[in-house]
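**Q** no FASTA, just this:
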């Protein structure tokens, strides 16, 4: 119910009078808005919004980390919602000075993160009951699809972020992939290699960690020519995952966004881990 006044993740007090013209500044936030049945009110998105398809077809305002105030203001939004990734800060300040409500919602890379984000977006848009229902469903799906393997069967998993030959990284404990790997029963190589943010892939580190499974965004896998290209990167061909071609690829926004489909992702991830562990055990 509007108007609504919220305190956002930055501690700013923001009043929203209308949700007629919404601009999400983050792909996962756009996904939440559509899941709350307010997608028809979204007038533009940033380039990271790839789901649902309707969001990807809307006009774009640029990329969430390098936004400009003028093109955003051209859409005369009634509310802007993003995460701490949105910026630069000067652009957000310019939009606030122009009178546009800017709400920054929490985006922790934890198991609680997706539901927390949903509730915050729903509150800002005046539909807290709808948000609570969606968040609770998500939490229930996560709990029912969490699995634990016996320690000796627990697969070692490397989450990789790859964009061709220029960007080839092992993601660390501060990525949403960390809690997902653990919840699906795996052990993250980030714990073995003590990586918090990310680290460039090297043969030395991968041979030390010996991953059984590689977890990658699908666009990244495509950028190196699929599995054949991936196993040629930095010693991967010599790891158990490379030898067995145990590569799991998921849509980028689904895997990295920590959004409303994360429960479904965990369900699929748990199933895929179990299949690979069973195949490895039976060899």
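**A** Happy to help now that I have it. Note that the structure is predicted; figures quoted are calculated from it, not measured.
**Q** now the strands for the stretch 101-250 of the chain?
**A** Secondary structure of the stretch 101-250 of the chain (DSSP state E, counting those that start in this stretch): strands at 102-104, 156-163, 167-171, 187-188, 198-200, 213-217, 247-250.
**Q** what helices or strands is the third one leaning on?
**A** Taking 3 or more Cβ pairs under 8 Å, 6 or more residues apart in numbering; DSSP states H and E as the contact definition, the neighbouring helices and strands of strand 167-171 are strand 156-163, helix 189-193, strand 198-200. (C-beta placed from N, C-alpha, C; glycine too.)
**Q** touching that strand from outside, list them.
**A** 158-162, 177-178, 189-190, 193, 195, 198-201, 205-206, 233-234 (Cβ atoms under 8 Å, 6 or more residues apart in numbering).
**Q** buried sites along it?
**A** 168-171 (16 or more other Cβ atoms under 10 Å).
**Q** same check on the fifth one?
**A** Buried residues in strand 198-200, counted by 16+ other Cβ under 10 Å: 198-199.
**Q** what helices and strands are in contact with that strand?
**A** The contact analysis (3+ Cβ pairs under 8 Å, 6+ apart) places strand 198-200 against strand 167-171.
**Q** how near is residue 126 to residue 63?
**A** 28 Å (Cβ to Cβ, to the nearest Å).
**Q** typo on my end, residue 89
**A** From residue 89 over to residue 63 (counting by Cβ to Cβ), the distance is 15 Å.
**Q** quick one on the thing from earlier: among the strands of the stretch 101-250 of the chain, which is the most enclosed?
**A** Of all the strands of the stretch 101-250 of the chain, strand 213-217 carries the top mean neighbour count, a mean of 26, counting by mean count of other Cβ atoms under 10 Å.
**Q** list the contacts of that one.
**A** Contacts of strand 213-217 (Cβ under 8 Å, 6+ apart): 155-162, 177, 181, 186, 230, 236, 241-242, 246-252, 255-256, 269, 273, 276.
**Q** mind listing what that strand pairs with, with the direction of each?
**A** Strand pairing for strand 213-217, determined by DSSP bridges: strand 156-163 (parallel), strand 247-250 (parallel).
**Q** export those to a markdown table and tack on mean pLDDT and distance to residue 21?
**A** Formatted as a markdown table, these follow (pLDDT from 0 to 100; distance: least, Cβ to Cβ, whole Å):
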| stretch | mean pLDDT | distance to residue 21 |
| --- | --- | --- |
| strand 156-163 | 97 | 33 |
| strand 247-250 | 98 | 32 |
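**Q** which one of those lies nearest to residue 37?
**A** strand 247-250 (25.0 Å; Cβ to Cβ).
**Q** now do the same for residue 283: its pLDDT.
**A** With respect to pLDDT, residue 283 has a value of 63.
**Q** tally up the residues packed near the closest residue to residue 274 other than its chain neighbours, please.
**A** Nearest residue to residue 274, sequence neighbours excluded (Cβ to Cβ, 6 or more residues apart in numbering): residue 147, at 7.0 Å. Residue 147 has 16 neighbouring residues, counting by other Cβ atoms under 10 Å.
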